[in-house]
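[1] Just the structure for this:
(chains A and B)
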Amino acid sequence: MTSATLPHGVAAPLDVRRIREDFPILSQKIHGRALVYLDNAATTQKPQAVIDRIVEFYTKENSNVHRGVHVLSEASTAAFERARETVRRFIGAGETGEIVFTRGTTDGINLVARSFVAPRLGAGDEVLVTAIEHHSNIVPWQLVCEEKGARLRVAPIDDTGTVVLEQFEALLSDRTRMVAIVHVSNALGTVNPVRRMIELAHVRGIPVLVDGAQAVPHLPVDVTALDADFYAFSGHKVFGPTGIGVLYGKREHLEAMPPYQGGGDMILSVTFEKTTWNELPYKFEAGTPNIEGAVGLGAALDYVSAIGFDRIASYEHDLLEYATAKLLAVPGLRMIGTAAEKASVLSFIVDGIHPHDLGTIVDREGVAIRTGHHCAQPVMLRFGVPATARASLALYNTREEVDALVAALGKAIEVFR
Amino acid sequence: MSADLRDLYQEIILDHNRSPRNFRRPAGANREVEGFNPLCGDHYTIWIDLAGETVRDFGFEGSGCAISKASASVMGTLIKGKGTEEASEMVEQFQRLVRGEMKPDLASLGKLAAFAGVSEFPARVKCAILPWYALKGALEQKEVVSTE
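    Numbers count the residues shown, from 1 in each chain, chains lettered A, B, ... in the order given. Predicted coordinates:
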């Protein structure tokens, strides 16, 4: 990438001061203090480019897509489809027909569970997940398994929160119909070796869905190189709007699948006798889509791409190491999730202080962290804690913000001494 | 520390969090209720020994934040020996207090006044209320209550 294509003259390495200027919400004061936003695994903040793009869409292009012959309809359709092409490029898919816009990761996983897995699942069959899945990559499989008399198997993790690959492999059986694995754990930050896991499944002819919700803001994702059968993520975790997500699926699978929902836009022709499905990806996009969301997501991915994942990953890696060392120096703090391969997430508990009390006290210092089970109760159970405090980083966070978190934790410890 | 934080984490609350009173199952327990907050994972079991119309004994176990644990502990010390009607009235009063719907009347509320600061922290109101919901459930013969 040449410097001419960089936003606001960002030069290598990542210039976090310039990046922060792109996010208007970050200059806010909370309880009279500078906001320190460390809840990025829950949702990320939006750069001005995304906000502006949405305003521009409603100011100049708004119309329904794939409908009219008038100018605005053509403009909105073009914007919507350009966003699809941006997504395709961003995740390295072969064609836009394989890019389905959804409401989010959860919606994408449910689509696959319902339209791809349910029809091929029989009594005694198995679906394999890992022990670090978000509820959204557990519950949809439980629902179809229960319905079909199939079994949900779980690949265990070790004490660092790393999936034990040998045990994962051993659980791939001739009854396994689907493997569904998280790319980056939202509760622990563990990066799963998804490429290797997909290989192991494919050797046995088993398709794999990857939950990429926490991966896309931090790592370069190439679905073709991964050879993933399905890859799902959410717009709002990668600096885009809420309510929009992406499901990538291999054409051969999407072609063979029945529609997920029925309605407008997903059909070629309808009579009361027979309805013919539309081509890909429209077969899976019933009803008027989230046009503004897709357009905003396209702007978000453009923003991230212009900075470049080499810069983002190296900056975040450095920040994660700094934060880990700083937090481990806090008396009584225990890190939950210490995998060798981690991204962005610091989950921890402090002796004698419940995470919710920590959360409340650091909030008064302007520091936003998440406390609770992070929609990953099996993970909490595995580590024998009811909840953790979680700081999750993004490309706009700084070492000073980590210091602010550590200072705020010090205040909490003071209160509870 | 800010004034509202000091109001929230008063010494009496910190003390009851550190050393919760009646943190055990009473021998004569004849009512048991599980109280949990599915969103945050706070989870307690409370027991009462109800003798006619009187709460003869109280105990609780479980885990949760300082606010919920201290709330259960303080509640226990106050309701032991009270009649069911009076206990139910305290449940109502406490809810109004932590929701900021009444002025903390120090004379009548006693130790409960320490929880008035909770009303400044909307996200923590249900922490304080959870044990009281459970007590209400026990008085009304429910087995499980939830704040959601």
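
[2] Report the residue spans of the chain with pLDDT below the cut-off.
    I went with chain A, as the question did not name one. In the predicted model, chain A carries pLDDT under 70 at residues A:1-11.

[3] Sorry, I should have been clearer: chain B.
    B:1, B:104-108, B:147-148.

[4] Those residues of it touching chain A, which are they?
    B:1-2, B:4-5, B:8-9, B:14, B:17-18, B:39-43, B:63-67, B:69, B:121, B:123-124, B:127 (CB under 8 Å from any CB of the partner chain). Every C-beta, even on glycine, is put in place using the N, C-alpha and C of the backbone.

[5] Surely B:L5 touches A:V415?
    Yes. Here B:L5 reaches A:V415: they are 7.2 Å apart, a contact under CB atoms under 8 Å.

[6] Name the residues of stretch A:218-237 that are buried.
    A:218-221, A:223, A:226, A:228-237 (16 or more other CB atoms under 10 Å in any protein chain shown).

[7] ok, and which of the residues you listed reach chain B?
    Near chain B, by the rule CB under 8 Å from any CB, you find none of these.

[8] need the contact list for residue 87.
    Unless you meant another one, I'm taking chain A. A:A93, A:I99, A:V246, A:L297, A:G298, A:L301 (CB atoms under 8 Å, 6 or more residues apart in numbering or on different chains).

[9] that's the wrong chain, I meant chain B
    With contact taken as CB under 8 Å, 6+ apart, B:A87 is in contact with B:V55, B:I79, B:L135, B:L139.

[10] Which single one of those residues is nearest to A:L38?
    Ranked by distance to A:L38 (CB to CB), the contacts of B:A87 are led by B:L135 at 36.6 Å.

[11] Tell me if I'm right that that closest one and B:I79 touch.
    Yes. In this structure, B:L135 is within contact of B:I79 by CB under 8 Å, at 6.8 Å.

[12] Look at those two and report which has more neighbours.
    Each of B:L135 and B:I79 has its neighbours counted (other CB atoms under 10 Å in any protein chain shown); B:L135 has more, 28 against 21.

[13] Does that one belong to a helix, a strand or coil?
    helix (DSSP: H, G, I helix; E, B strand; the rest coil).

[14] Quick check: the gap between it and A:I157.
    Note on B:L135: its distance to A:I157, by CB to CB, to the nearest Å, is 39 Å.

[15] out of the buried residues of stretch A:218-237, which are inside strands?
    A:F230, A:Y231, A:A232, A:F233, A:S234 (DSSP state E).

[16] of all those residues, which two lie farthest apart?
    Across these, no pair lies farther apart than A:F230 and A:S234, at 14.4 Å, counting by CB to CB.

[17] and the closest residue to chain A within chain B, how many neighbours does it have?
    Closest residue of chain B to chain A, CB to the nearest CB: B:C65 (3.9 Å). As a burial measure, B:C65 scores 28 neighbours (other CB under 10 Å).

[18] next one: B:A123
    B:A123: 12 neighbours (other CB under 10 Å).

[19] list the contacts for A:Q214?
    A:A41, A:V182, A:H183, A:V184, A:S185, A:N186, A:K237, A:A343, A:S344, A:V345.

[20] ok, now how distant is it from A:A340?
    In terms of CB to CB, A:Q214 sits 17 Å off from A:A340.

[21] And A:K60, by the same measure?
    A:K60 is 49 Å from A:A340, by CB to CB.

[22] what's the answer for A:R382, then?
    From A:R382 to A:A340 the distance is 18 Å (CB to CB).

[23] So between those two, which is more surrounded?
    A:R382 (19 against 8).
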